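Participant: Provided below are the primary sequence and the corresponding predicted coordinates.
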Amino acid sequence: MADETTAPIPDDTVAFLREHSRVFVLSRRADGWPTNHPMTGEWRDDALWVNTYRRSQKVMNAERDPEISYLVTSNDTDNPFRAVNVSGAASVVESTPGQPGDQRTGYDRPLQPGETARRIRLKLTPTRSRAID
């Protein structure tokens with residue numbers, strides 16, 4: 001894998017992102033300090049996605065400052081250990097039961113008019129990536 005690049009992400013890096021779902025979401029709190037959140041993620045439609053609670057700190061951080069990073073890592077036991085840092089603009093995407101890649105909307109029935117899902121998807125559209133070997 002190569003060093004830091006701007007979009008488009010190199011094919012070998014995309015392959016790594018497709019194969020690994022261990023993600024750390026890195027955002028900034030209101031006071032400017034960085035914070036991270038271990039998650040399970042998915043590379044799909046040229047973006048990294050995580051499914052989370054609407055009222056989570058990472059969502060509040062991303063809504064306030066959409067410039068965030070996802071660190072996608074291999075397993076601890078992989079030799080060599082590898083990771084990719086992907087940075088870009090985050091957006092909050094409403095969850096709808098039955099959407100691809102959205103197994104946990106927080107509802108086991110269709111949403112009623114005016115009702116919002118307890119879970120949303122946080123989408124990171126990458127503008128740059130950096131492989132860590």
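Facilitator: Noted; the coordinates are in hand. Numbers count the residues shown, from 1 in each chain.

Participant: On the C-terminal side of the lowest-mean-pLDDT helix or strand in the chain, identify the next helix or strand.
Facilitator: When the helices and strands of the chain are scored by mean pLDDT, DSSP states H and E, strand 5-6 comes last with a mean of 54. Using DSSP states H and E, the helix or strand that directly follows strand 5-6 along the chain is helix 11-19.

Participant: pLDDT averaged over that next one, what's the number?
Facilitator: The pLDDT scores in helix 11-19 average 93.

Participant: In that helix, which of the residues would be classed as buried?
Facilitator: Across helix 11-19, burial judged by 16 or more other CB atoms under 10 Å covers 13-14, 16-17. In short, each C-beta sits where N, CA and C put it, glycine included.

Participant: Spatially nearest residue to residue 38, not counting backbone neighbours?
Facilitator: Among residues not flanking residue 38 along the chain, residue 24 sits closest, at 5.6 Å (CB to CB, 6 or more residues apart in numbering).

Participant: can you pull the pLDDT of the one you found?
Facilitator: 96.

Participant: Repeat that for residue 87.
Facilitator: Residue 87 carries a pLDDT score of 95 in this model.

Participant: Identify the bridge partners of it.
Facilitator: residue 69, residue 128 (DSSP bridges).

Participant: quick one, what contacts it?
Facilitator: Contact partners of residue 87, counting by CB atoms under 8 Å, 6 or more residues apart in numbering, are 67-70, 126-129.

Participant: so, if you compare these, which one comes nearest to residue 90?
Facilitator: The closest of those to residue 90 turns out to be residue 68 (CB to CB; 4.8 Å).

Participant: Could I get the buried residue list for stretch 121-132?
Facilitator: Neighbour-count burial for stretch 121-132, counted by 16+ other CB under 10 Å, picks out 121-124, 126, 129-131.

Participant: Convert the C-alpha atoms of that stretch to PDB, please.
Facilitator: Output in PDB follows, covering the C-alpha atoms of stretch 121-132 (Å, rounded to 0.1, in the frame of the first residue of the first chain):
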ATOM      1  CA  ARG A 121     -25.700   5.600   9.500                       C
ATOM      2  CA  LEU A 122     -22.600   7.800   9.600                       C
ATOM      3  CA  LYS A 123     -21.100   8.000   6.100                       C
ATOM      4  CA  LEU A 124     -17.600   9.100   5.500                       C
ATOM      5  CA  THR A 125     -16.900  10.300   1.900                       C
ATOM      6  CA  PRO A 126     -13.100  10.100   1.700                       C
ATOM      7  CA  THR A 127     -10.900  12.900   0.400                       C
ATOM      8  CA  ARG A 128      -7.600  11.400   1.400                       C
ATOM      9  CA  SER A 129      -6.200   8.100   2.700                       C
ATOM     10  CA  ARG A 130      -2.900   6.900   4.300                       C
ATOM     11  CA  ALA A 131      -1.800   3.300   4.500                       C
ATOM     12  CA  ILE A 132       0.000   2.300   7.700                       C
END
